[in-house]
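*Asks:* Return atomic coordinates for the entry below.
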Amino acid sequence: MNKRSKSIASIFATRPDAAPLSSDNETRLPRVSSGSVRSMKESFSQIERENETLRQSLSEGARIVEIDPFLIDPSPYADRYPDDENAESFEALVTSMAENGQEVPVLLRTHPLDASRFQTAFGHRRVRAARTLNRPVRAIVREMDDEALALAQGIENSARQDLTFIERAVFAARLEEAGQSRAVIGRALSVDKAEVSKLIAVARSVPEPMLRQIGRAPKVGRTRWQALVEALNGEGAIQRVQRLLFDPSPGLSSDERFAAVLEAAKRRPTPAPVERSIIAHSGRRLAQLSAKERDTKLVIDRDLGLGFADFIARHLPDLFDAYEREQGNSEASAEAGPSEDRS
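*Replies:* Model prediction:
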């Protein structure tokens, strides 16, 4: 069991039928001035915050009960993408629960639309593991409205070190879509309003199907996600990324999928190839112009022989000078703008 689990489990030394904790058993903080309370709370570790939520539930008379995991639905505020790179971690949790039991209870609320079911505030992975093992979940059931659920889930999110930037962004966006204020979202994620705005902006700027196919991208932070948002505004970027994701390279990790998407979004559109014949005023075919992405070719008609090719080569410097004069005149005209009528 890792350090975080041990810390949380330490408050559940009793079995399910034990009496709830009393306030006398709680660790007391030294008396401080009211102005220091908020600062002290902010300095709590995230693990302590989750401990406090569970301890508060017990101190308010809640008991640990056993519930069929198949009666438990996820939170309506989904915050995780399928973890295709951390299956070993989940298997380790299943093995631990099989050998040692579930040492840390989950926090649930009664489903607001079906009193016979429940929704998870935190402990989603433990619920999944219990389903895998086909055994009951040890849980605390607490009455919570949507705001309280969001805050409780945010505590778990903050305590987990592996929650990625895009998962936090999607969680913030889904909370707002469900009607939660940005103040509540900031409290749930322990960030200020400016950071909430940045999270939501990224989540809303990348199409949801694209997010799902990229996945968690654990090594990708805000700067690179914002770079992707900017790149997706380029001409044809969405279409290039969609083609890439429609036929993805097998075996790529989530971070590698992100890198491939970003590269595709940044790639400049490929110009359409040009193929046309050069015809003399007399109607005779002189050459074939072939312009592609990498190079441009002018192929002299074979019937004209080397003489015409040599003639072009000798006059090419003069042609280039004429081209530069023409380009310079065009630029000068564009800078000057429309001429004024001085009559």
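*Asks:* Send me the helix or strand hosting Ala265 as CSV with only the CA atoms.
*Replies:* Using DSSP states H and E, Ala265 sits within helix 254-266. Presented in CSV, the C-alpha positions along helix 254-266 are these (Å, rounded to 0.1, in the frame of the first residue of the first chain):
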residue,chain,number,x,y,z
SER,A,254,-1.0,8.7,-25.1
ASP,A,255,1.9,11.2,-25.1
GLU,A,256,3.0,10.0,-28.5
ARG,A,257,-0.5,10.3,-29.9
PHE,A,258,-0.5,13.9,-28.6
ALA,A,259,2.9,14.6,-30.3
ALA,A,260,1.6,13.2,-33.6
VAL,A,261,-1.6,15.3,-33.4
LEU,A,262,0.4,18.4,-32.7
GLU,A,263,2.8,17.8,-35.6
ALA,A,264,-0.1,17.1,-38.0
ALA,A,265,-1.9,20.3,-36.8
LYS,A,266,1.2,22.4,-37.4
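*Asks:* Following the chain onward from that helix, which element is next?
*Replies:* Downstream of helix 254-266 (by DSSP H and E), the next one is strand 274-279.
*Asks:* partners of that following strand, with directions?
*Replies:* strand 285-291 (antiparallel) (DSSP bridges).
*Asks:* got a list of contacts for the partner strand?
*Replies:* 271, 273-280, 296-301, 304, 308 (CB atoms under 8 Å, 6 or more residues apart in numbering). Just so you know, the C-beta spots here come from the backbone N, C-alpha and C atoms, and that holds for glycine as well.
*Asks:* what's the spacing between Glu99 and Leu133?
*Replies:* Using CB to CB, to the nearest Å, Glu99 is found at 11 Å from Leu133.
*Asks:* what about the two, which has more around it?
*Replies:* Neighbour count, other CB atoms under 10 Å: between Glu99 and Leu133, Leu133 has more, with 15 against 7.
*Asks:* quick one, what contacts the residue sitting nearest the centre point of the chain?
*Replies:* The chain has Ile166 as the residue nearest its centroid, 2.4 Å off, counting by CA atoms, centre = their mean. By CB under 8 Å, 6+ apart, the contact list for Ile166 reads Tyr81, Val202, Ala203, Leu211, Ile214, Arg216, Ala217, Val220, Trp225.
*Asks:* what does Asp310 give?
*Replies:* Asp310 neighbours (CB under 8 Å, 6+ apart): none.
*Asks:* Doesn't it belong to a helix?
*Replies:* Yes. Counting by DSSP: H, G, I helix; E, B strand; the rest coil, Asp310 is found in a helix.
*Asks:* ok, Arg284 - contacts?
*Replies:* By CB under 8 Å, 6+ apart, Arg284 has no neighbours at all.
*Asks:* phi, psi of it?
*Replies:* Note on Arg284: its backbone torsions stand at phi -80, psi 140 [degrees, to the nearest 10].
*Asks:* Likewise for Val141?
*Replies:* According to degrees, to the nearest 10, Val141 has phi -100, psi 120.
*Asks:* Quick check: it touching Phe118?
*Replies:* Yes. Counting by CB atoms under 8 Å, Phe118 is a contact partner of Val141 at 6.7 Å.
*Asks:* Can you pick out the residue with more neighbours from the two?
*Replies:* Phe118 (22 against 19).
*Asks:* so that one touches Pro112, yeah?
*Replies:* No. Checked against CB under 8 Å, the pair Phe118 and Pro112 is beyond contact range at 10.5 Å.
*Asks:* what's around Ala203, how many residues?
*Replies:* 24.
*Asks:* Name the SS class of it, please.
*Replies:* helix.
*Asks:* tell me the contacts of it?
*Replies:* The neighbours of Ala203, taking CB under 8 Å, 6+ apart as the test, are Ile166, Ala169, Val170, Ala172, Ala173, Leu211.
*Asks:* Mind checking what secondary structure the fifth one has?
*Replies:* Reducing the assignment at Ala173 to three states with three-state DSSP gives helix.
*Asks:* Wait, it touches Arg204, no?
*Replies:* Yes. Checked against CB under 8 Å, the pair Ala173 and Arg204 is within contact range at 5.9 Å.
*Asks:* Who has more neighbours out of the two?
*Replies:* Ala173 (20 against 16).
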